[in-house]
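**Student:** okay, predicted coordinates and the sequence, questions at the end:
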Amino acid sequence: MTLDHDREIMIVADHTEHVTFQGTLRKTASGYDLPMIVHDRLAFSPEEYVRRYNSVQAQMEDMGLDALLIRGPENITHFTGYETPGYYKYHCVVVPKNGQPVFMVRDFEWINSPEFAWSTKLAKVYDWDHPPSVTVNILQQLGLGDGKRIGVEKQAFFYTVDEHETLVRDLPGNTYVDATQIMWNTRMIKSDEEVAVMRKSAALVDMAMLAGWDATAPGVSADHINAVVNHTLFENGGEYMGLPPFILAGERSCLPHQTGGANVLKDDDVMYFEISASQHRYTAALMRTIFLGNPKDEWVRACEAVIGATNAALDFIKPGVTPHDADLVARAVTEKAGFGEYHRNRLGYSIGVSYPPDWGEGEIISLRQGEHRPLEPGMTFHMPPLCLKYREYGIGFSESIVVTEAGCEPLSKLGRELIVKK
């Protein structure tokens, strides 16, 4: 059977206020009329979405692009506001130079668009379509089928080999260039509105962390404590996270990215927590470790080392310093304390918009050795120094932070201290 991949571009404004918002496209332009769907369910103000649109357009101009194809679900959410866990099916935003974006969305999901997103132009993708062929048709309708420079997200999970080969085969007159960095750059520095949402996520994490601590006692299983943490998150308005909480008791605390377990806490034991929360897909995360009874001397020293590493990084981080140096400053503390071999991970990673399988934005920028781009105000990171010793313990203390004009600020209100429950 031969399928027709032609798609009419829809104008969507039902059940919304359909407005034309006057936004500044570039410093040298007088303005640009950007039609938007606006209602009180949008996660951010119209001005915030115009800011993001302007950033993308400016970078497209710098790269000489006629259009950008946005494919990563985090990038789509950031650019349009659209949210769905159904990102496993094809979604794509075609952003023409100086023009209105066209959101290509699965027909089953399209009614999520006017609920969450500001974009007014849609093209449906049916479950029996070959989605890249629909993209070819949309590009042709927009006059982008020949002799154009098209930016694509070659480094994104969702831009497939088949999609690239289809574009090259069916629109061979175009040039396709890697423009992955455009959306990464746009997401890297958060606005005040974005940081405000992340503070709400951090407040949820604090609540869940305290509930987990209260549930921690000898004879209680990690599964039970994990249930308490998840219950607290969701009961208080949290959304599904990019990763589950990592709640580990005793010797299982050493296992990276694991959670729960039927094993129960002993009288003298270690309890490890790494929890995230999400609001409008914006994440904050926090790691803490507490002890029961009489902790071993090595546990206490490891705890002091990772707290010291976190504190050293918080004191060091400010605009202009590099992630490379920040990592070295923190790592020097754990190494001096004798735990260097157990501190295996980077100091931290960008955090913000997230979908499974991750709650971070580490592909954008990380606090790690070899990363020399200077830090700037508005960057946000989860910074988790920890020590893992196989079948013995996992001990860590983290902060989600925002880089400020003068330094950096933790989003959590919980302190960093050795906690022992007797």
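**Tutor:** Looks like it arrived, so ask away. In this text, all values refer to a predicted model and were calculated from it rather than measured experimentally. Numbering: from 1, shown residues only.
**Student:** max-length helix in this protein?
**Tutor:** helix 192-215 (DSSP state H).
**Student:** give me the buried stretch members for whichever helix or strand comes after that one, please.
**Tutor:** Per DSSP states H and E, the first helix or strand lying C-terminal to helix 192-215 is helix 222-235. By 16 or more other Cβ atoms under 10 Å, the buried positions in helix 222-235 come out as 222-226, 228-230, 232-233. Heads up, the C-betas are built off the backbone N, CA and C, glycines and all.
**Student:** what's the answer for stretch 108-128, then?
**Tutor:** Of the residues in stretch 108-128, those buried (16+ other Cβ under 10 Å) are 109-110, 112-125.
**Student:** how far is it from where the chain is centred?
**Tutor:** Chain-centre distance of stretch 108-128: 22 Å, with Cα atoms, centre = their mean, to the nearest Å.
**Student:** stretch 413-422 too?
**Tutor:** With Cα atoms, centre = their mean, you get 28 Å for stretch 413-422.
**Student:** now swap in stretch 322-338 and tell me
**Tutor:** 25 Å.
**Student:** got it, and stretch 69-78?
**Tutor:** 11 Å.
**Student:** got it, and stretch 280-297?
**Tutor:** Counting by Cα atoms, centre = their mean, stretch 280-297 comes out at 21 Å from the chain centroid.
**Student:** do stretch 125-132 as well
**Tutor:** 27 Å.
**Student:** quick check: mean pLDDT of that stretch?
**Tutor:** What stretch 125-132 shows for mean pLDDT is 96.
**Student:** just the terminal-to-terminal distance for it.
**Tutor:** 10 Å (Cα to Cα, to the nearest Å).
**Student:** can you list contacts of it?
**Tutor:** 3, 5, 7, 89-92, 104-108, 134, 160, 162-163, 166-167 (Cβ atoms under 8 Å, 6 or more residues apart in numbering).
**Student:** what subset of these is buried?
**Tutor:** 5, 7, 90-92, 104-107, 134, 163, 166-167.
**Student:** in helices, which of those residues appear?
**Tutor:** Per DSSP H, the buried ones among the contacts of stretch 125-132 map to helices at 134, 163, 166-167.
**Student:** using a markdown table, lay out those residues together with distance to Pro256.
**Tutor:** Shown next, in a markdown table, are those (distance: Cβ to Cβ, whole Å):
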| residue | distance to Pro256 |
| --- | --- |
| Val134 | 40 |
| Glu163 | 33 |
| Thr166 | 38 |
| Leu167 | 38 |
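**Student:** closest to Ser253 among the residues you listed?
**Tutor:** Lowest distance from Ser253 to these (Cβ to Cβ) belongs to Glu163, with 41.7 Å.
**Student:** so who does the closest one touch?
**Tutor:** 71, 131-132, 135.
**Student:** tell me the pLDDT of Ile11.
**Tutor:** For Ile11, pLDDT reads 81.
**Student:** what bridges to it?
**Tutor:** Lys121 (DSSP bridges).
**Student:** tell me, how many residues neighbour it?
**Tutor:** 11 (other Cβ atoms under 10 Å).
**Student:** touching, it and Lys121? I think so.
**Tutor:** Yes: counting by Cβ atoms under 8 Å, Ile11 touches Lys121, with 6.3 Å between them.
**Student:** convert the host helix or strand of Ser276 to PDB, retaining C-alpha atoms only.
**Tutor:** Using DSSP H and E, Ser276 sits within strand 269-279. Output in PDB follows, covering the C-alpha atoms of strand 269-279 (Å, rounded to 0.1, in the frame of the first residue of the first chain):
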ATOM      1  CA  ASP A 269      23.400   1.400  59.500                       C
ATOM      2  CA  VAL A 270      23.600   3.900  56.700                       C
ATOM      3  CA  MET A 271      20.600   5.300  54.700                       C
ATOM      4  CA  TYR A 272      21.100   7.000  51.300                       C
ATOM      5  CA  PHE A 273      18.700   9.400  49.600                       C
ATOM      6  CA  GLU A 274      18.900  11.000  46.200                       C
ATOM      7  CA  ILE A 275      15.500  12.600  45.300                       C
ATOM      8  CA  SER A 276      14.200  14.800  42.500                       C
ATOM      9  CA  ALA A 277      10.900  16.500  41.900                       C
ATOM     10  CA  SER A 278       9.400  18.000  38.700                       C
ATOM     11  CA  GLN A 279       7.200  21.000  38.100                       C
END
